[in-house]
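Engineer: Predicted model and sequence follow; I will ask about them next.
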Amino acid sequence: MGISFLTVFITMSMVIVGSGKPTVPMAVGAGLVPLDVLLNVFLIPPLQLEGAALATTITAFIGMIIIVFYVLIKFNTLLKVMSFLRIFIASLVIFFIASWLNVSGILIIVLYICLLVLYVGILYLIRELNREDIKIVKELFKLK
């Protein structure tokens, strides 16, 4: 759960950095460190490893809320609900396939490449990605 909060925090932080305000996510992150330390001090003794995980999850959640509110206030938008649902559905499909398949060694790289292709394909089929998006990605990787 905590990794989900941290993922949203990092994604929204990149939006803020891209807008020319790199110190905002840095300040939020720096402010969260003392909170995480304090929570660890109180939660690790009674809960041990689970206490550390809980402390980090709580801290990541608070950081996510702060960053999301900043993005909402600064840009007056976050993410369209239908867009979120499409991405969520595609992610669930990939998650269940990855959980069901059990490979190791070099095959894991092949599996992840296949899952990436499948994920992009699903997003294209459910119209979250379109030809223009694919064209932009191709332009990014075009050698000069």
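Structural biologist: Received the coordinates, thanks.

Engineer: so what's residue 14 scoring on pLDDT?
Structural biologist: As predicted, residue 14 sits at a pLDDT of 92.

Engineer: cool, residue 88 as well?
Structural biologist: At residue 88, pLDDT is 85.

Engineer: can you give me the helices for this structure?
Structural biologist: 2-18, 23-47, 49-75, 81-100, 107-125, 131-141 (DSSP state H).

Engineer: quick one: contacts for the closest residue to residue 43 other than its chain neighbours?
Structural biologist: Using C-beta to C-beta, 6 or more residues apart in numbering and skipping the chain neighbours, the partner closest in space to residue 43 is residue 51 (3.4 Å). (Glycine included, C-beta is placed from N, CA and C.) Counting by C-beta atoms under 8 Å, 6 or more residues apart in numbering, residue 51 makes contact with 40, 42-45.

Engineer: Just the buried residues from these, in ChimeraX please.
Structural biologist: Remark: buried members of the contacts of residue 51, expressed as a ChimeraX selection using 16 or more other C-beta atoms under 10 Å:
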select :40,43,44
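
Engineer: of the contacts of residue 51, closest to residue 23?
Structural biologist: Taking C-beta to C-beta as the measure, residue 23 lies nearest residue 40 of the contacts of residue 51, at 25.8 Å.

Engineer: Distance check, the closest residue to the closest one other than its chain neighbours against residue 69.
Structural biologist: Leaving aside its sequence neighbours, residue 40 sits nearest to residue 55 (C-beta to C-beta, 6+ apart; 4.6 Å). Shown here: residue 55 relative to residue 69, a distance of 22 Å by C-beta to C-beta, to the nearest Å.

Engineer: Put together JSON lines for the contacts of residue 51, with pLDDT on each row.
Structural biologist: Output for the contacts of residue 51, formatted as JSON lines (pLDDT from 0 to 100):
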{"residue": "40", "pLDDT": "97"}
{"residue": "42", "pLDDT": "97"}
{"residue": "43", "pLDDT": "97"}
{"residue": "44", "pLDDT": "97"}
{"residue": "45", "pLDDT": "97"}
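
Engineer: ok now the lowest-mean-pLDDT helix or strand in the chain, how far from the chain's centre?
Structural biologist: Least confident helix or strand of the chain, by mean pLDDT, DSSP states H and E, is helix 131-141 with a mean of 85. Distance of helix 131-141 from the chain centroid (C-alpha atoms, centre = their mean, to the nearest Å) equals 22 Å.

Engineer: Kind regards, and thank you for your time.
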